[in-house]
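Engineer: sequence below, structure please.
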Amino acid sequence: MATERLINLILLFFTYAFLGWCIEVTLKLFQFHRFINRGFLTGPWLPIYGSGAALITVVIKGLAPLEFSVGTTFIVSFLLCGVLEYMTSYVLEKRFHARWWDYSQKPMNLHGRVWIGNLILFGLGGVVIVELINPLLLRLSEHVSLTVREIMALSLTTIFIADNVMSHFVLKLVKTGVESSQADETEAISKEVRLLLSNRSVFYRRFAEAYPEVIFKTERITKRMEIRIETERLRQEAEERVVQMRLEVAENLEPTRSVKNEIIEKQDALIGLLYREEDASPEIRKLKREVETKKAVLQKRRARFPKL
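Structural biologist: Purely as a prediction, here's the structure:
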């Protein structure tokens, strides 16, 4: 029985890996309007989907004697697939210097590796898997002899391993291209890597097309980006300081005579706005005549001595 359960689990893995591949291909078809063979592997399967479904199946099966409900399935799927996606993204980035997917612009994301929208879909998908698809697949498997299932599982596993070996060489070439690149921006590295892969066999070219939005990262790029950000911050601070210094210098260098003249002009404008002859008291009228007399004296002096 243990052998049969293992065979069924392997077949479930490949079934969901294929279904995941179909989903990804369909989504990219709508996005780019062309067929894109998604994934690291050449075959029509995405191991992350198969692994997630297999994990959900095993864990829910183990929890069944303790508690079994749709809510439990949702939470387990939510957490398991979230951890799986996060760790897959982390390991691949560390190993191959590339971010294969990035949710940094999505709401409630964790380091751009997972986000709440996908986690909810994982939870719902887990419920569909456990409640609907798994029972259907297991019923169908009962109509296939164990021997045939063993041959299918062995054949698929052999092809899967061979596919992984081939993909390892492709990813190794990608890693070499990223590490040897002298470019300082991920876009430039992407172009170099795609050019490198395009000159190879169809297996390498397929990988270049599979991830058109891949973000390549190296420690050098990260450090250069940090330096650029810090340099830009210092430049902005320096510009703001220069503007402030110019204002201070302009204020200090402005001649006192100009300041006095500007004050007098503004006082005249203020008096013109506030003074009304018919409403002014005798004291205000007298004060206004005195101001006008003094202004007349000042204007005569300016005419005779312009530099004063």
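Engineer: how does the protein divide into domains?
Structural biologist: Following automatic domain parsing, one finds the domains of the chain at 2-217, 255-308.
Engineer: the ones you listed: lowest mean pLDDT?
Structural biologist: When the domains of the chain are compared by mean pLDDT, domain 255-308 comes last with a mean of 70.
Engineer: what segments of the protein are strands?
Structural biologist: Per DSSP state E, the chain has strands spanning 98-99, 109-110, 114-115, 215-216. These are given in chain order.
Engineer: point out the most buried one among the domains of the chain.
Structural biologist: Of all those, domain 2-217 has the most neighbours on average by mean count of other Cβ atoms under 10 Å, namely a mean of 16. All C-beta spots, glycine's among them, are computed from the backbone N, C-alpha and C.
Engineer: returning to what we had before: need the domains of the chain in JSON lines (columns: distance to L247).
Structural biologist: Putting the domains of the chain into JSON lines (distance: least, Cβ to Cβ, whole Å) gives the following:
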{"stretch": "domain 2-217", "distance to L247": "37"}
{"stretch": "domain 255-308", "distance to L247": "15"}
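Engineer: can you check which of those gets nearest to A238?
Structural biologist: domain 2-217 (22.9 Å; Cβ to Cβ).
Engineer: how distant is that closest one from the center of its chain?
Structural biologist: 20 Å (Cα atoms, centre = their mean, to the nearest Å).
Engineer: can you show me the helices along the protein?
Structural biologist: 2-32, 47-63, 70-96, 116-128, 134-141, 146-180, 186-198, 202-210, 219-253, 256-274, 282-304 (DSSP state H).
Engineer: dump the ones you listed into TSV; add distance to P107 as well.
Structural biologist: Shown next, in TSV, are the helices of the chain (distance: least, Cβ to Cβ, whole Å):
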stretch	distance to P107
helix 2-32	19
helix 47-63	22
helix 70-96	15
helix 116-128	7
helix 134-141	31
helix 146-180	30
helix 186-198	23
helix 202-210	27
helix 219-253	24
helix 256-274	54
helix 282-304	66
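Engineer: closest to R38 out of these?
Structural biologist: Ranked by Cβ to Cβ, the member of the helices of the chain that lies closest to R38 is helix 2-32, at 4.0 Å.
Engineer: ok, A162 to C81 distance?
Structural biologist: Separation of A162 from C81 (Cβ to Cβ, to the nearest Å): 27 Å.
Engineer: give me the most central residue, the protein.
Structural biologist: Residue closest to the mean C-alpha point of the chain, counted by Cα atoms, centre = their mean, is S104 at 2.6 Å.
Engineer: that one is in contact with R113, isn't it?
Structural biologist: No: using Cβ atoms under 8 Å as the test, S104 is too far from R113 to be in contact (9.2 Å).
Engineer: next, find the distance separating I56 from L132.
Structural biologist: I56 is 13 Å from L132, by Cβ to Cβ.
Engineer: same check, this time on I10
Structural biologist: Separation of I10 from L132 (Cβ to Cβ): 21 Å.
Engineer: from L171, how far out is the residue nearest to the centre of the chain?
Structural biologist: S104 is 23 Å from L171, by Cβ to Cβ.
Engineer: who touches stretch 65-78?
Structural biologist: 52, 56, 59-60, 63, 119-120, 122-127, 129-131 (Cβ atoms under 8 Å, 6 or more residues apart in numbering).
Engineer: which two among those residues are spaced furthest apart?
Structural biologist: L63 and I120 (20.6 Å).
Engineer: one step back: which residues touch the residue nearest to the centre of the chain?
Structural biologist: Shown in contact with S104 (Cβ under 8 Å, 6+ apart): G112.
Engineer: now it. Its backbone dihedrals?
Structural biologist: For S104, the backbone dihedrals (degrees, to the nearest 10) come out as phi -60, psi -30.
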